[in-house]
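Q: coords below, sequence missing:
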C-alpha cells in the first residue's frame with residue numbers, strides 16, 4: 001500500500017487536535033472530587049447523537065457541513081458502584097488525593113475486537129484481556145473490588161450529596177454526566 005505523505009499528515013494533524021484524551025478526562029473528574037475523598041469508578045461509554053442533536057450542533061457554526069458533526073459522543077460518569085460490563089465502554093477506578101487510577105476494563109465495539117489480538121500491530125494486552133473476560137467470564141469483570149464501599153457507606157454519601165444539593169437549591173441531584 002502506498003501512503004501519501006500529505007494525506008497521512010492531515011489525518012495525524014486532525015487526530016492530535018481532538019479534545020479527547022483518556023488521561024485528561026479521568027483527571028478532570030478526579031479533580032472535581034464528586035464523592036469527596038472516597039474512591040470512585042469512572043464509567044465511560046459512547047452515546048449516539050440523534051439527527052436533531054446533530055442539527056443543533058451544526059447550527060452553532062462549529063461545523064461547515066452537517067456531515068461533519070459527530071455521530072457519537074462519550075459520557076464520562078463518576079459512580080460509587082460498579083456498572084454491568086458492556087461493549088463500547090471503559091471502566092476505571094480513581095483514588096482522589098493520589099495519582100492512582102486502576103483500569104478495570106476497556107471493551108471496544110465488537111466489530112473492532114479482532115484488531116486488538118496479541119501479536120498484531122494494534123494489539124493491546126489490556127483491551128484483549130477485557131474482551132476475553134467479557135466473552136468468557138463477565139462475572140469477574142462485574143464483581144465488586146475489594147476496596148469498594150458497602151451499601152451503608154454509599155447511602156450515607158448519597159444522602160450527604162442530596163442535602164448539599166438541596167442547600168444549594170439544585171433540582172437535579174443525580175450523578176453528573178460529564179463530557180470531555
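A: Here it is on my side, so go on. Keep in mind that what you see is a predicted model, and the values were worked out from it rather than measured.
Q: residues near the closest residue to residue 115 other than its chain neighbours, how many?
A: Closest residue to residue 115 apart from its sequence neighbours, by CB to CB, 6 or more residues apart in numbering: residue 122 at 4.7 Å. Backbone N, C-alpha and C define where each C-beta goes, glycine included. When neighbours are counted by other CB atoms under 10 Å, residue 122 registers 10.
Q: May I have the secondary structure class of residue 122?
A: Taking DSSP: H, G, I helix; E, B strand; the rest coil as the rule, one finds residue 122 in the coil state.
Q: Tell me where the chain has helices.
A: In the chain, the helices defined using DSSP state H lie at 5-16, 22-32, 51-59, 125-136, 138-142, 151-168.
Q: Now the residue positioned nearest the centre of the chain. Nearest residue, chain neighbours left out?
A: Residue closest to the average C-alpha location in the chain (CA atoms, centre = their mean): residue 44, at 1.9 Å. Sequence neighbours aside, residue 90 is the residue nearest to residue 44 in space, at 4.3 Å (criterion: CB to CB, 6+ apart).
Q: The one you found and residue 43, how far apart?
A: 8 Å (CB to CB, to the nearest Å).
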